[in-house]
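Colleague: Next one to model:
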Amino acid sequence: MSEFDNVIAALTTQHVSELTGLSVSQLAKWDQEGFFKPEHAEENRRLPYSRIYSFRDVVGLRTISILRKEYKIGLPKLKAVARKLEHEASTLRPWSELQLSVLKKDVVFLDKKSGQQVGATDGQIALIPLESVIDDMRRRVEFLKKRPIEGHGKIERHKHVMQNRKVFSGTRIPVDVVASHLKAGHSLGKILQEFPMLVKADIDAARSELNDKAA
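Modeller: Residues are numbered from 1 along each chain as shown. Here you go, the predicted model:
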């Protein structure tokens, strides 16, 4: 079982900013530039709530944040590394699934096929502890999932939250997004996996909203 299997999440840009220490504007810019695109996103990024990040995304972005802030590796270098990972790695989310190291302000990774450090030369290698990043992000996501129980199953609207769209109480998750999953026939378990901050009562409330519209 992968360490990602039990932490499936659909997280907003605001959540990702809180979890990784990266700004919302930075995340949007990286998406626009193609440096780091959310795993779940609308084709039209102008739509509200159009950037949805997975748990793998969060781990990858936190890794990038560590490389920038702790190891002082500049964005041009990281973009070059991203291009290299894209061509040489067999994974779709290399920043979160490859064991990365830092050598003289260069990023190298362990090639799973050869067992060799790709791009490494002689010298001391500083290992990026991917397992620690995953554990840290898992704890932070679990914290985000905690909501006051009195808000479970309640739908509300606030002028400055998600452009006045209906959201589940205590979250920024639009009701219509979950309703679209229900219309697509997704199971309760699948939806709760995708939206870890929600509970069964929220899904029931979204179903009621969907039924009211259909009536």
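
Colleague: so what's F195 closest to, chain neighbours aside?
Modeller: Nearest non-adjacent residue to F195, counting by Cβ to Cβ, 6 or more residues apart in numbering: A10, 5.3 Å away. (Glycine included, C-beta is placed from N, CA and C.)

Colleague: these two touch, right, the one you found and R56?
Modeller: No. Using Cβ atoms under 8 Å, A10 is not in contact with R56; the gap is 11.7 Å.

Colleague: ok, the residue nearest to F195 - how many residues close by?
Modeller: Neighbour count of A10, defined by other Cβ atoms under 10 Å: 23.

Colleague: Next up, phi/psi of F109, please.
Modeller: phi -140, psi 160 (degrees, to the nearest 10).

Colleague: any low-confidence regions in the protein?
Modeller: Applying pLDDT under 70 to the chain flags residues 1-9, 88-92, 111-126, 160-161, 215.

Colleague: now the strands for it?
Modeller: Remark: strands assigned in the chain by DSSP state E are 40-41, 51-52, 100-103, 106-110, 117-118, 126-127, 155-156, 167-168.

Colleague: before we move on, back to that, give the contact list for the residue nearest to F195.
Modeller: 40, 52-54, 194-196 (Cβ atoms under 8 Å, 6 or more residues apart in numbering).

Colleague: Export stretch 155-167 to PDB, keeping only CA atoms.
Modeller: C-alpha atoms of stretch 155-167 as PDB (Å, rounded to 0.1, in the frame of the first residue of the first chain):
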ATOM      1  CA  ILE A 155     -25.100  24.800   4.200                       C
ATOM      2  CA  GLU A 156     -24.400  28.500   4.400                       C
ATOM      3  CA  ARG A 157     -23.600  31.500   2.300                       C
ATOM      4  CA  HIS A 158     -21.200  34.300   3.200                       C
ATOM      5  CA  LYS A 159     -20.600  37.400   1.200                       C
ATOM      6  CA  HIS A 160     -16.800  37.100   1.200                       C
ATOM      7  CA  VAL A 161     -16.500  33.300   0.900                       C
ATOM      8  CA  MET A 162     -16.300  31.600  -2.500                       C
ATOM      9  CA  GLN A 163     -18.000  34.600  -4.200                       C
ATOM     10  CA  ASN A 164     -21.200  34.000  -2.200                       C
ATOM     11  CA  ARG A 165     -21.700  30.400  -3.400                       C
ATOM     12  CA  LYS A 166     -23.300  28.000  -1.100                       C
ATOM     13  CA  VAL A 167     -20.700  26.200   1.000                       C
END
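
Colleague: chain center to it: distance?
Modeller: 22 Å (Cα atoms, centre = their mean, to the nearest Å).

Colleague: contacting residues for the residue lying closest to S23 once chain neighbours are set aside?
Modeller: Leaving aside its sequence neighbours, S23 sits nearest to S17 (Cβ to Cβ, 6+ apart; 6.1 Å). Counting by Cβ under 8 Å, 6+ apart, S17 touches 23-24, 27.

Colleague: With R51 instead?
Modeller: 12-13, 27-28, 31, 38, 41-42, 45 are the contacts of R51 under Cβ under 8 Å, 6+ apart.

Colleague: State the pair within these that is farthest apart.
Modeller: L27 and E42 (14.9 Å; Cβ to Cβ).

Colleague: So which of those two has more stuff around it?
Modeller: L27 (21 against 13).
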